[in-house]
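Participant: My questions concern the predicted model and sequence given below.
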Amino acid sequence: MTGTERKRRWRLANPERSREHERQRALLRRRHGTWVEGPDGRSMIFSYPSGISYQRYESWGDEPWRHSEQEWDQRFRRDIGRPASRWRQYVRRLQERKEAHRALRAAINEELGLPADASLEDWGRALLTYQGDKLDELLGISEKISKLNESAA
């Protein structure tokens, strides 16, 4: 049995103690580098293993000035931390929006009987001469039109 499996079993067996332990550990890691009163009553800098890396990760999105340009470039190029994660998320969602827009435009072009590379003038002419209801459904305005017709009657 590996250490990871042992830890997982212990966490499952002791959920409350495990949560409290993690809370304490996070608190100590956040306190890394702060001035505290030592056992002899004198002030000292509190040090906790891996505290600096935890603080850098925690403060990455809020206080980027803590990092040098070189560190920032290394983290961003290696896809580490919050900025890289947010960038990947933005790019993925942008691609999804582009694909949805392409699909909608293709459906509209098909309904209007236009080729995929139709010009804006062709679109305008086709829209002026269009006689149907499917375009309203594609654009999501059919419900609004029906409500307007009901309120006018």
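Facilitator: Received the coordinates, thanks. Residues are numbered from 1 along each chain as shown.
Participant: residue ranges for the strands of the protein, please.
Facilitator: Remark: strands assigned in the chain by DSSP state E are 35-37, 43-45.
Participant: Dump those into a markdown table; add mean neighbour count as well.
Facilitator: All C-beta atoms are positioned from the backbone trio N, CA, C, and that covers glycine. Listed next are the strands of the chain as a markdown table, based on neighbours: other CB atoms under 10 Å:
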| stretch | mean neighbour count |
| --- | --- |
| strand 35-37 | 10 |
| strand 43-45 | 10 |
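Participant: which residue lies farthest from the center of this structure?
Facilitator: Distance to the chain centre peaks in the chain at Asp40, reaching 47.1 Å (criterion: CA atoms, centre = their mean).
Participant: Counting by contacts, list what the single longest helix found in the chain packs against.
Facilitator: As assigned by DSSP state H, the longest helix anywhere in the chain is helix 81-112. Under the contact criterion of 3 or more CB pairs under 8 Å, 6 or more residues apart in numbering; DSSP states H and E, helix 81-112 touches helix 69-77, helix 120-129, helix 134-139.
Participant: ok, back up a step: out of the strands of the chain, which comes closest to Ser146?
Facilitator: Proximity to Ser146 (CB to CB) singles out strand 35-37 among the strands of the chain, at 68.4 Å.
Participant: Partner strands of that closest one, with direction?
Facilitator: According to DSSP bridges, strand 35-37 forms sheet pairs with strand 43-45 (antiparallel).
Participant: Quick check: Gln116 touching Ala106?
Facilitator: Residue 116: Ala, not Gln. Yes - under the criterion of CB atoms under 8 Å, Ala116 makes contact with Ala106 at 6.6 Å.
Participant: Chain neighbours aside, what residue packs nearest to Pro115?
Facilitator: Asn109 (7.0 Å; CB to CB, 6 or more residues apart in numbering).
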